[in-house]
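Q: Sharing a model that was predicted from the sequence below.
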Amino acid sequence: MRKVIYFVLFILIIPALIEAQATPAPFTEEEVRQFINEYKERFVRLDLDAYMALFSVEAAENRMLPYADIQMAYKRTIALSQSIQYQMKIYSIQTYAKSAFVQGRYEILQAFKKGGKARLMRGDIQWVLVREDGSLKIREINYGKDR
């Protein structure tokens, strides 16, 4: 009889333990804000590897560029830049169990290495963040540019 009770308890407890381990912790607004600040700081430091580490290898930019193209574009941007200043205002953060959606507005001042010229870009920006191996990653980033 004892063996039967232990067996039944074992059968009931194991699925609950497996589900508890498989369910990721929900995103928090604070965690998302920290991630966005890190995103900005890494871009301003012009550190391509550290910056790209924030992206999922399945990331898409503006719903069309895959990870390899994103990396190539930022590599070119960083190579041409003397410095980058990045200002951002977050409008909303929506957190879910498996993702977060962030909307905001950016302003980037890019100073070029050659010619002493600079370019100002500004517009709306959106991120879809996911958790991969315990870390937040950018799954999708979409931004527009003001004219």
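A: Looks like it arrived, so ask away.
Q: What segments of the protein are strands?
A: Secondary structure of the chain, counting by DSSP state E: strands at 55-61, 65-66, 81-95, 99-112, 118-132, 135-143.
Q: ok now stretch 134-146, how far from the chain's centre?
A: 5 Å (Cα atoms, centre = their mean, to the nearest Å).
Q: buried set for that stretch?
A: Buried residues in stretch 134-146, defined by neighbour count with 16 or more other Cβ atoms under 10 Å: 136-141, 143. Glycine gets a C-beta too; all of them are placed from N, C-alpha and C.
Q: between those residues, which is nearest residue 84?
A: The closest of the buried residues of stretch 134-146 to residue 84 turns out to be residue 143 (Cβ to Cβ; 14.7 Å).
Q: Check the contact between the closest one and residue 122; I expect there is one.
A: No - taking contacts as Cβ atoms under 8 Å, residue 143 lies outside contact range of residue 122: 9.8 Å.
Q: Overlap of the contact sets of those two?
A: By the contact definition Cβ atoms under 8 Å, 6 or more residues apart in numbering, residue 143 and residue 122 are jointly contacted by residue 106.
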